[in-house]
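Enquirer: 3D, please:
(one chain, ligands or ions: 1)
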Amino acid sequence: MEPPAAAPPRLVPLYEVHRALQPLYEQIADCPNCTLARTRSRTVPGSGPLEADLMFIGEAPGQREDELGLPFVGRAGQFLDELLAGIGLSRATVYVTNVVKCRPVQNRDPLPEEIEACGAFLERQIQMVNPSVVATLGRFSMARWFPDARISSIHGRAAEVEGRMIVPMYHPAAALRNGSLRAVMHEDFAQLPALIERVRATREAPASSETEPLL
Ligand code: URA
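Expert: As a prediction, this is how the structure comes out:
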């Protein structure tokens, strides 16, 4: 008798979505608020645990992300995984999302109205996950906190905003185009573990006028 056929491999590396995030992900899936809703295959809300201490915010999904509904699963995502491995972290422990949740046609830059249409979703994710550290990947997410800055001037420099650290980073795709940025990104990532520890310790310390400031 023929052995039973092996189950087909799962296309999508499924991360379990925390129950608390499900209504938001469903709202994103139904979003009609900009023209990208007409061209997307799937929305790409984000991935990672609700309790993550570290959040990455990229630009917008590419083709592979649009196919799978998960952020950073193409070549830029592979480099992100390499950067994480370099500091002893895995994707399963960090929260990853984008400024824009739908793929712009032909991977063009997201338009201001598309960023605006997704703004409330991103804000909600930041509030819900409440990470100690946010690393922005590329200029579009950096602009949310530092609209006039140049990434070449401020990458790797953490700034405290509303009780968390925001660290601007180059986009992993930039390092795939320009190999000299690979080492720069590894260096910028190297400070993340200590930064997370510092914010975590501050958050856990009992409130007191003698509490050390973050910076
Ligand atoms: N680039 C991004 O900014 N986000 C992704 O999810 C993939 C590539």
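Enquirer: for the residue in the chain positioned nearest to the ligand, give the beta-bridge partners.
Expert: Nearest residue of the chain to the ligand, counting by Cβ to the nearest ligand atom: Gly58, 2.9 Å away. In short, each C-beta sits where N, CA and C put it, glycine included. Applying DSSP bridges to Gly58 gives these bridge partners: Asn98.
Enquirer: wait, isn't it in contact with Tyr95?
Expert: No. Gly58 is not in contact with Tyr95 according to Cβ atoms under 8 Å; the separation is 11.7 Å.
Enquirer: those two - which one has more neighbours?
Expert: Counted by other Cβ atoms under 10 Å, Gly58 and Tyr95 do not tie: Gly58 has more neighbours, with 29 against 26.
Enquirer: Ala76 and Gly138: what is the separation?
Expert: 10 Å (Cβ to Cβ, to the nearest Å).
Enquirer: wasn't Val134 part of a strand?
Expert: Yes. Under DSSP: H, G, I helix; E, B strand; the rest coil, Val134 falls within a strand.
Enquirer: contact partners for it?
Expert: Val134 makes contact with Leu54, Met55, Phe56, Ile57, Ile126, Arg164, Met165, Ile166, Val167, according to Cβ atoms under 8 Å, 6 or more residues apart in numbering.
Enquirer: okay, the residues you listed in a markdown table with secondary structure next?
Expert: Listed next are the contacts of Val134 as a markdown table, based on three-state DSSP:
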| residue | secondary structure |
| --- | --- |
| Leu54 | strand |
| Met55 | strand |
| Phe56 | strand |
| Ile57 | strand |
| Ile126 | helix |
| Arg164 | strand |
| Met165 | strand |
| Ile166 | strand |
| Val167 | strand |
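Enquirer: what's the helix or strand for Gln125?
Expert: Here Gln125 sits within helix 112-129, counting by DSSP states H and E.
Enquirer: is it true that Met128 touches Glu51?
Expert: No. Here Met128 does not reach Glu51: they are 10.4 Å apart, not a contact under Cβ under 8 Å.
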